[in-house]
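Q: kindly generate the corresponding structure for this input.
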Amino acid sequence: MFKAIPVERKSRVIHDFPYSVESRRCPHAGIVNITKSGHCVFDCAYCYAKSYPWSANGHFIEVYENTPELLDNELRTIRTCPPLYFCAVTDPFQPFDLVWKTSLDAMRIAANHGVFFTIVTKSDLALKVLETRWADYERFRVSFTCEALNRNKLSAISNAPDVFRRLRAIERLVSAGVNVSVRVDPIISGLTDDYGELDELFQTLSSMDVCHVTTSTGSFNSRAFRKLLARIEEGGYAESAALVRSRYVFNGKKYTLNLKDRLALYTYLASLCDHYDMGLSLCQEPLNLIPGDATRCRTLGELAIRDRSGRFIPVCGSDCLNACPNAEYPPCKNENLRTEYPFKWRTLR
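A: As a prediction, the model looks like this:
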């Protein structure tokens, strides 16, 4: 039995993705984590956070209860704010009151300040946003993860809510006017890459008026890859585990899908999106693997600067490295953001 317990966060809340400029795939973001790294009851076998020694494998979910207060203080201090990202290492809508209420309080703070934010979740508790006063706020998006339609395969690798509960939640959010994109991410080649099942999933999403899909084929350190294979085998898919083992290659740091199979899968997904009139972006992939009209990354929102009233006003996308609208005179008036990956805190002030 899992239990959520409150803890006090003493470090800064807002931080960028930790990738240097040389290996950068992501735009700038202001990551806001509600719980400690890996403290997630969904325990997805492919989770990169769960694969590190400092992540929890016990039955306590430690929740940074003072996140809303800290976030409010930080937003009052900075002049430049990248789009916020709830959350990078755990789900903000885990089935504990302490988790989802703290998340909603922090999101309310973001809305009060006028900044953009994205909610990344696998939980139908995301419907709680419809009960808030900021449900019609136009500067937030829900990025809902649906890795596959096959519930038996999903249950082998994740304890997240049933995929059909997620789809019903997506449909309700879209119907309510919420900006929703979907992460078919990661697709595990050898397990969840059945073309017929993917076609059915993309057709279902299109019928719900989902306009954009983000996908990947995963990237796993040795510990995560061993855990993934074990969970697939224990879930009754030994043949699939063998296929996964044969298709993913080790590059000295991570296991990734071999280039031939990766390109073939992405080309097929691009054709699905073209057929169903949806946009497609690939997570953490180089440009030479992106087919057709797909993009390397769909921006998380817009970078904003504080105006005289104290609220934040959007000025441009947050991919300062690759897509600054005016490199010589950036609209954010913050030239350091073009070269600092990750950004330094003083740069935002």
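Q: ranges for the helices of the protein?
A: Residue ranges of the helices in the chain, as given by DSSP state H, are 67-77, 97-113, 151-157, 163-175, 195-207, 222-234, 238-247, 259-275, 320-323, 345-348.
Q: measure the closest residue to residue 205 other than its chain neighbours to residue 170 for me?
A: Sequence neighbours aside, residue 182 is the residue nearest to residue 205 in space, at 5.6 Å (criterion: C-beta to C-beta, 6 or more residues apart in numbering). All C-beta atoms are positioned from the backbone trio N, CA, C, and that covers glycine. In this structure, residue 182 and residue 170 are 7 Å apart, going by C-beta to C-beta, to the nearest Å.
Q: tally of neighbours for the spatially closest residue to residue 48 that is not a sequence neighbour?
A: Counting by C-beta to C-beta, 6+ apart, residue 48 lies nearest to residue 224, which is 6.3 Å off, once chain neighbours are set aside. For residue 224, the neighbour count with other C-beta atoms under 10 Å is 22.
Q: re the thing from before, what do residue 182 and residue 170 both touch?
A: Taking C-beta atoms under 8 Å, 6 or more residues apart in numbering as the contact rule, residue 182 and residue 170 both touch 144, 146, 205, 210.
Q: just these now: which is nearest residue 118?
A: Taking C-beta to C-beta as the measure, residue 144 is the one of the shared contacts of residue 182 and residue 170 closest to residue 118, at 10.8 Å.
Q: one step back: right, so of the helices of the chain, which gets closest to residue 52?
A: Between residue 52 and the helices of the chain, the shortest gap by C-beta to C-beta is with helix 222-234, which sits at 7.9 Å.
Q: follow-up on the earlier one: contacting residues around the residue nearest to residue 48?
A: With the criterion set at C-beta under 8 Å, 6+ apart, residue 224 makes contact with 45, 46, 47, 48, 50, 51.
Q: out of those residues, which are buried?
A: By the neighbour-count criterion of 16 or more other C-beta atoms under 10 Å, those include these buried positions: 45, 46, 47, 48, 50, 51.
Q: list the contacts of the third one.
A: Same thing as residue 47. 38, 40, 224.
Q: excluding chain neighbours, give the residue nearest to the second one in space.
A: It stands for residue 40. If the residues on either side of it in the chain are set aside, residue 40 comes closest to residue 90, at 3.9 Å by C-beta to C-beta, 6+ apart.
Q: how near is that neighbour to residue 291?
A: Plainly put, residue 90 is 32 Å away from residue 291 if you go by C-beta to C-beta.
Q: more crowded one of those two?
A: The residue with the greater number of neighbours, taking residue 90 and residue 291 and applying other C-beta under 10 Å, is residue 90; the counts read 26 against 17.
Q: how about the more buried one, what does it touch?
A: For residue 90, the contacting residues are 33, 34, 35, 36, 37, 38, 39, 40, 49, taking C-beta under 8 Å, 6+ apart as the criterion.
Q: contacts only, for the closest residue to the fourth one other than its chain neighbours.
A: Here the nearest residue to residue 36 in space, its sequence neighbours aside, is residue 62; by C-beta to C-beta, 6+ apart that works out to 4.6 Å. The neighbours of residue 62, taking C-beta under 8 Å, 6+ apart as the test, are 4, 5, 6, 7, 35, 36, 39, 56.
Q: between those, which sits nearest residue 113?
A: The closest of the contacts of residue 62 to residue 113 turns out to be residue 35 (C-beta to C-beta; 22.3 Å).
Q: wait, that closest one sits on residue 60?
A: No. Under the contact definition of C-beta atoms under 8 Å, residue 35 does not touch residue 60, with a separation of 10.1 Å.
Q: higher neighbour count, these two?
A: More neighbours surround residue 35 than the other of residue 35 and residue 60, with 27 against 13 (other C-beta under 10 Å).
Q: ok, that one to residue 100 distance?
A: Look at residue 35 and residue 100: by C-beta to C-beta, they are 11 Å apart.
Q: mind listing the shared neighbours of the two?
A: Shared between the contact lists of residue 35 and residue 100 (criterion: C-beta under 8 Å, 6+ apart) are residues residue 94.
Q: tell me who's in contact with the residue nearest to residue 341 when sequence neighbours are not counted.
A: Once flanking residues are discounted, residue 341 sits nearest to residue 21: 4.1 Å by C-beta to C-beta, 6+ apart. Residues in contact with residue 21 (C-beta under 8 Å, 6+ apart) are 321, 339, 341.
Q: and if you look at residue 99?
A: Residue 99 is in contact with 4, 34, 35, 61, 63, 91, 92, 93, counting by C-beta under 8 Å, 6+ apart.
Q: a markdown table please, covering those residues and showing pLDDT.
A: Shown next, in a markdown table, are those (pLDDT from 0 to 100):
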| residue | pLDDT |
| --- | --- |
| 4 | 95 |
| 34 | 97 |
| 35 | 95 |
| 61 | 93 |
| 63 | 97 |
| 91 | 97 |
| 92 | 98 |
| 93 | 98 |
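Q: tell me the most packed of those residues, by neighbour count.
A: Neighbour tally across these (other C-beta under 10 Å): the maximum, 31 neighbours, falls on residue 34.
Q: any idea how far residue 70 is from it?
A: Using C-beta to C-beta, one obtains 11 Å as the distance from residue 34 to residue 70.
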